[in-house]
Structure formats: structure tokens, C-alpha cells
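[1] I would like to see how this sequence folds:
(2 chains)
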Amino acid sequence: MHKRIYLDYNATTPLSEEVKHFYISELEKFGNASSLHEDGRLESKKIEKARVEFAELVNCSANEIIFTSGGSESNNTVFQTMISLSKKMQRNTIVISAIEHPCVIESAKELEREGFRLIEVAVNPDGRINMDEYQKALSENPLLVSIMAANNEIGTVQDIQVLADLAHQSGALFHSDAVQAVGKISVDLKAWNVDYATFSSHKIYGPKGIGALYVKEGRNIEPLIRGGHQEKGFRAGTYNAPAIAAFGLAASLAKKELSSYKSHTWKLREALREGFLEKIPNIHVNGHESEVLPNTLNVSFPGAEGEAILLHLDLLGISVSTGSACASGSLDPSHVLMATGLGPELAHGSIRFSFGKYSTMEEVDYILEKFPPVIDRLRKMSSIPM
Amino acid sequence: MQEWLYSEVVKEHFTDPKNVLMENEDQWPCDGRGIVGNIRCGDQMLILLRVKDDVISDVRWKTYGCASAIASTSILSEAIKGMHIEEAYKLKPQDIVAKLGGLPSNKVHCSVLGDKALRAAINDYLEKQGRASLEGKEEVTVICSCLNITDKDLEEAYKAGDRSWADLQARTKIGTVCGGCKEEAMEKMHEFDHLYGED
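    You can find the predicted model right below:
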């Protein structure tokens, strides 16, 4: 049997070999990083080293990084902070895009239930923010604008620098969920000039259960988890020092490998895209043509349903994901694809291929050999005429 | 593969579907044709029947949908060959689910549409013969046709304590696609009030 081909790196990544060995060795150590004795001090030192390593990857000061349990916690912390901030700022409008990650959408909706006004800005068919709608939303004097740097499903990359600048002109704070961007494209927080940003370790070949929140110097943040002095009181809870240290190593590798990562994954992504266009009639490539994560290819195959495609690929040993409702347990297909204006048939028939640093051209060749017959067969048995 | 999402029977019928029509519909002349489903929800099924002396002699089908939709139409097509149309008309989604060795509950309402397509095909056959349809002879009545939710499902929800439209939606997802069944569903609930109501 063929070795499994993993093309779902946007869902999660394996640990880098180097990170894995380091992480395992760190698990031998158990000191509480908050303790004053040597066992504790050694762990504390590793955390501060990791903080510097991560800050270097995203170009900010180490003291602007708070370690959290991951992207969801970082996002939730920013939105919860708005409750106390709205009184101080006398503003209560929150602006998000229509294609945010569910944890941003749900956090924003929770604020809406608390009495905030929520504005969801539409995106263009390529997934980029609709600037007319964005300007209109900003004219409502929002307290916070939250726009993801790159979309997890279609890979479209936003111009965060421009969006943050406009938000600041309206007097708003700006947050960006950069979980999918970091390690895949250049993330430069100084240039972006955002107030808050969210990151996760397991998308950059680091351990799961650890992430970071960037809070620009001087900006307010309220702890989501209280009762400890860790992270200057902004995030209570005993330090997960081995995971933080491994996250730091993953970050320094990501910085070192960024340019080779970009060219490697883009080459594979483009080979797969061109192969599909050549071998499979009537397909639809989703997302922006050039402003897109180098590793992400999202394609709709009208006439075939996503879950059925995914499970056929699964039986062939290939792991991908789909925007079909049937795969999520909900009744609606991907909110991201629907927001880009795709009809339900295209959204139900969408497959996301996300490459990683361990992907190979042999894997692309294997897919281009095995995959077109799957689509052909599903289309032939489909009740929807092509 | 060490683990599969559904039962082994589902896997078999998904990877090797029986009686599926790979050609265009006009390549297989039939006596009765039924099509149901909703593209918005992601599933659609077509059933074609050949009938001799009111007994189903052969069947072909086409399905747009997920693995369990494909498998459930396939297994239904095997089950109804040689069956009298009146018997076939009474097949319930639960019968198909049982043959498949079970399905996750969120899959049943949207992917097991085969029984409805089958009933449509039988009525089409009868209509072509100038005979009365079997409407009303089915074991259940579908209330929400987008998600294949029947009066039996509503009855169970009622007995579990649901009274309002919001209760029903929370439990069964009824009416969450087109919403056109609200009135009929609430009439049914009123009927259950009469049958089972405390006051």
C-alpha cells in the first residue's frame, strides 16, 4: 500500500524532526518556571528564549508576546477585552470580515449578545475585503476591527497594512488572526502596525496546545484566565515550558526556512493546479489568483460532492478537506465559499489541498494519476446533469 | 486503512455501488421515474424503475451526494428488486439505515432520500398507466422535504417534550433549509396536542 499522502497542512502540521527531538528531551524537565530554585529558573530561561525566537519571526519586541494555549484563546482574549474597553472608549461597534475563523465569528457574536453592534464586511469573489463596504463600516466609528491575514480555506491573503491604517484613521483598534499566515508568508508586525495579532504553534510544525497573542506596547488587554502572575498577569496558569520552548524552536526554523518554504510549496501547488486544469474539465479554482498562501489550493468540482470526493481520496491514502456541509455535520456548506459568492453546488463540491514542507512532487504526480478518475466516476453517477 | 468513517456495508456500497446508471438517463428506458433532493443541502437522488405485473423487475439510479447518500441508494436498489410496488412503497428511511448497519443521526435526514425517490417513481409508473397513485399508503409522511423529516419524527419530538417551532428546529433541524414546512409541521403538532395533550 502506498504511504499516506497528507495534504491538510492548514488543518495542522506534524512536528518538525528537529522540534520533535527537542520537545521530547524537554519533556524530561519538569520544573515550574515560576519557582525561584534552579529547576524553575532553567525553565523560565527557556520560555524567555522562545519569546525572543517568536518575536523575531513576526518582527516585534519580545515583551509584546503573550503565550496562550493557542489561536482560539488568543482570539477570545482580544474580544473579551473589548467589554471593559468599550466603556473607556465610548465605542461599541465591532467590525469583522465574513470569512473569519469560527472562533472570531463566535467571539464577535457573543459581544453582540452583550449589546455590541456587529458589522460583517463582505468579501469580493477572490476573497479580498470589499473596500467600499469596509469604508462604510469604518464610518460607524468601530471600537475594534478584526480581519484575518490569510484565510484557512481559500488561502486569500489580505493587505493588512492598508486595512489597519484605514481602521486607525477611524480611531479603531485593529486585530488580525494571523494563524494561517505565519510561517507561510512574511509576517511583519512593525510594518503591519496592528494592535493585536493571533498565532498558533501547531500550524508551524510546533506542538499543539500552545500559541501566542501579540499585544502592541501600550495597548490594553484583559486576562481571559485569571489568578496567576504568569505573563505579567495577562495569562494565568502554570507554564507549559516544554511546549513553549518547542514553539520557539519551530518559530526560529520557520524564519530560517520561509523563503525555501514559499518556493517549494508554490511549485507543488501550481503543478497540481495546472494538472487539474489539464486533466479535469469544468473545474473552478477558488480564492485569489496571486494574493494567496503559497501552499493552498482550493478547487470546486461541480457535479461531485465534497464528502464523497474526500472519502474516495481517503481510501486512496490521501488526506484533504472539503467545504461541503456533509463533512461538517452542519447543513450549510462553508461560510467562506458562500461569502465569496459561490453557489451551493460549487461550495459542496470544493476540496482544499494544503501543502507543507514535507510534501513532494511525487505526491502531486500520484494525485494527478489517481484523482481525475474519481471525479469522472462521481460525475457519471451524479443525478445533476453536467 | 485502519479505520473507516461509516459501517463496512456503507463502505462496500460507496466504493462499489450496485445498479448505478453511469450513462445518461435516456440510455435506460423505464416505466417509472422519481427524483428528490435539494442541491442546497447537497444531496439529490434519481430512481428509475422497470415494472412487470406491479413487481419491480429492474432498477437504476443516480445520486449527487455524500458517501452515505450513495451507499443508501445503492442498498435500496438491491432491496427492491423483485418487490411488489405496494410493499416497496412502504419502505421507511429506518429500514435503509438498518440495512446499512447504522448511520450517524445527522446523516439520516439528508442522505437517506431513496425511499422518497422510490415512492415518486412508483407513483409515476401508476400515473403513466392511468391508475391512482399510492399517496397516503406510505408508512410515514414527509413534512420537511429538504431534510426528509417525517410526521413520525415530529411525533417522537412531541413525545420528548417539544412544543414550539424553535424546540423542533433545535432537535430535528426541520425547516432550516427552505423553511416552507413550518405551517404543516405546526399543524401536525396541534394534531398531537389533540392526541396526547394533557389539557
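[2] Spatially central, which residue of the chain would that be?
    In the absence of a named chain, this looks at chain A. The centre of chain A sits closest to residue A:180, judged by CA atoms, centre = their mean, with a distance of 2.8 Å.
[3] right idea, wrong chain: chain B
    Geometric centre of chain B, nearest residue: residue B:113, 3.0 Å, by CA atoms, centre = their mean.
[4] Surely that residue and residue B:37 touch.
    Yes. Here residue B:113 reaches residue B:37: they are 5.3 Å apart, a contact under CB atoms under 8 Å. The way it works is simple: take the backbone N, C-alpha and C, and place the C-beta from them, glycine included.
[5] Need the residues touching each of the two.
    Contact criterion CB atoms under 8 Å, 6 or more residues apart in numbering or on different chains; residues bridging residue B:113 and residue B:37 by contacting each: B:43-45.
[6] what helix or strand is residue A:120 on?
    strand A:117-121 (DSSP states H and E).
[7] Parallel or antiparallel, which strands does that strand pair with?
    Strand pairing for strand A:117-121, using DSSP bridges, gives strand A:93-97 (parallel).
[8] Show me the contact partners of the partner strand.
    The contact list for strand A:93-97, computed with CB under 8 Å, 6+ apart, reads A:79, A:82, A:104-105, A:108, A:111-112, A:116-121, A:123, A:129, A:134, A:137-138, A:140-148, A:158, A:167, A:172.
[9] Which residues of the stretch 251-386 of chain A lie near chain B?
    Within the stretch 251-386 of chain A, the positions near chain B by CB under 8 Å from any CB of the partner chain are A:303-308, A:311-312, A:314-315, A:317, A:324-327, A:329, A:331, A:333, A:344-345, A:348, A:377, A:380-384.
[10] Helix or strand next in line after the strand holding residue A:120, which one?
    Beyond strand A:117-121 in the direction of the C-terminus, DSSP H and E gives the next helix or strand as helix A:131-138.
[11] what are the phi and psi values for residue A:348?
    The phi and psi values for residue A:348, taken as degrees, to the nearest 10, are phi -70, psi -30.
[12] try residue A:75
    Taking degrees, to the nearest 10, you get phi -60, psi -50 for the backbone angles of residue A:75.
[13] Need the pLDDT of it.
    Reported pLDDT at residue A:75 in the predicted model: 98.
[14] hang on, residue B:64 packs against residue B:38?
    No. Using CB under 8 Å, residue B:64 makes no contact with residue B:38, being 10.5 Å away.
[15] any common contacting residues for those two?
    residue B:44.
[16] Tell me the first helix or strand C-terminal of the lowest-mean-pLDDT helix or strand in chain B.
    Here the helix or strand of chain B ranked lowest by mean pLDDT, DSSP states H and E is helix B:105-111, holding a mean of 67. The element immediately downstream of helix B:105-111 (helix or strand, assigned by DSSP H and E) is helix B:114-128.
[17] Mark which of the residues of the stretch 251-386 of chain A next to chain B are buried, thanks.
    Among these, those classed as buried by 16 or more other CB atoms under 10 Å in any protein chain shown are A:303-308, A:311-312, A:314, A:324-327, A:331, A:333, A:344-345, A:348, A:377, A:380-384.
[18] for the stretch 101-250 of chain A, what spans make up the strands?
    Applying DSSP state E, counting those that start in this stretch to the stretch 101-250 of chain A gives strands spanning A:117-121, A:144-146, A:173-177, A:196-200, A:211-215.
[19] Tabulate those (CSV), appending mean pLDDT, distance to residue A:277 and mean neighbour count.
    Below are the strands of the stretch 101-250 of chain A laid out as CSV (pLDDT from 0 to 100; distance: least, CB to CB, whole Å; neighbours: other CB atoms under 10 Å in any protein chain shown):
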stretch, mean pLDDT, distance to residue A:277, mean neighbour count
strand A:117-121, 98, 31, 18
strand A:144-146, 98, 35, 28
strand A:173-177, 98, 31, 27
strand A:196-200, 98, 32, 29
strand A:211-215, 98, 37, 26
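[20] got the contact list for residue A:377?
    Remark: with contacts taken as CB under 8 Å, 6+ apart, residue A:377 is in contact with residue B:22.
[21] Return the set of buried residues in the strand or helix carrying it.
    With secondary structure defined by DSSP H and E, residue A:377 is part of helix A:361-380. Neighbour-count burial for helix A:361-380, counted by 16+ other CB under 10 Å, picks out A:363-364, A:366-368, A:370-372, A:374-380.
[22] does the residue nearest to the centre of chain A really touch residue A:154, like I thought?
    No. Judged on CB under 8 Å, residue A:180 makes no contact with residue A:154 at a distance of 10.4 Å.
[23] neighbour count winner among residue B:64 and residue B:38?
    More crowded of residue B:64 and residue B:38, by other CB atoms under 10 Å in any protein chain shown: residue B:64, with 27 against 18.
[24] elements contacting the helix ranked longest in chain A?
    For chain A, the longest helix by residue count, based on DSSP state H, is helix A:241-279. Using 3 or more CB pairs under 8 Å, 6 or more residues apart in numbering or on different chains; DSSP states H and E, the elements in contact with helix A:241-279 are helix A:17-26, helix A:38-58, strand A:284-286, strand A:296-300, helix A:361-380.
[25] Which strands and helices lie in contact with the shortest one?
    Strand A:284-286 makes packing contacts with helix A:241-279, strand A:296-300 when contacts are defined by 3+ CB pairs under 8 Å, 6+ apart.
[26] want to try TSV for those, with mean pLDDT as columns?
    Output for the helices and strands packed on strand A:284-286, formatted as TSV (pLDDT from 0 to 100):
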stretch	mean pLDDT
helix A:241-279	98
strand A:296-300	98
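[27] hey, which of these is tucked in deepest?
    Among those, ranked by average contacts under mean count of other CB atoms under 10 Å in any protein chain shown, first place goes to strand A:296-300 (a mean of 26).
[28] Show residues contacting that one.
    Strand A:296-300 has contacts (CB under 8 Å, 6+ apart) with A:10, A:153-155, A:269, A:272-273, A:276, A:283-287, A:323, A:337, A:342, A:346-347, A:349-355.
[29] if you set the cut-off to 7 Å instead, what comes out?
    When contacts are defined by CB atoms under 7 Å, 6 or more residues apart in numbering or on different chains, strand A:296-300 is touched by residues A:10, A:153-155, A:269, A:272-273, A:276, A:283-287, A:342, A:346, A:349-354.
[30] picking that back up, and which of the buried residues of helix A:361-380 is nearest chain B?
    Closest approach to chain B among those (CB to the nearest CB): residue A:380, at 4.4 Å.
[31] excluding its backbone neighbours, what's nearest that closest one?
    Distance criterion CB to CB, 6 or more residues apart in numbering or on different chains; nearest residue to residue A:380, sequence neighbours excluded, is residue B:22 at 4.4 Å.
[32] Same check on residue A:271?
    Spatial nearest neighbour of residue A:271, excluding adjacent residues (CB to CB, 6+ apart): residue A:364 at 5.0 Å.
[33] Could I get the full set of helices for chain B?
    B:8-15, B:67-80, B:85-88, B:93-99, B:105-111, B:114-128, B:151-159, B:165-172, B:182-196.
[34] Let's see the pLDDT reported for residue 195.
    Assuming you mean chain A. Predicted confidence (pLDDT) at residue A:195: the value is 98.
[35] wrong one, chain B
    Residue B:195 carries a pLDDT value of 70.
[36] ok, now residue B:68?
    We have a pLDDT of 90 for residue B:68.
[37] who touches it in this structure?
    B:6, B:10, B:103, B:107, B:111.
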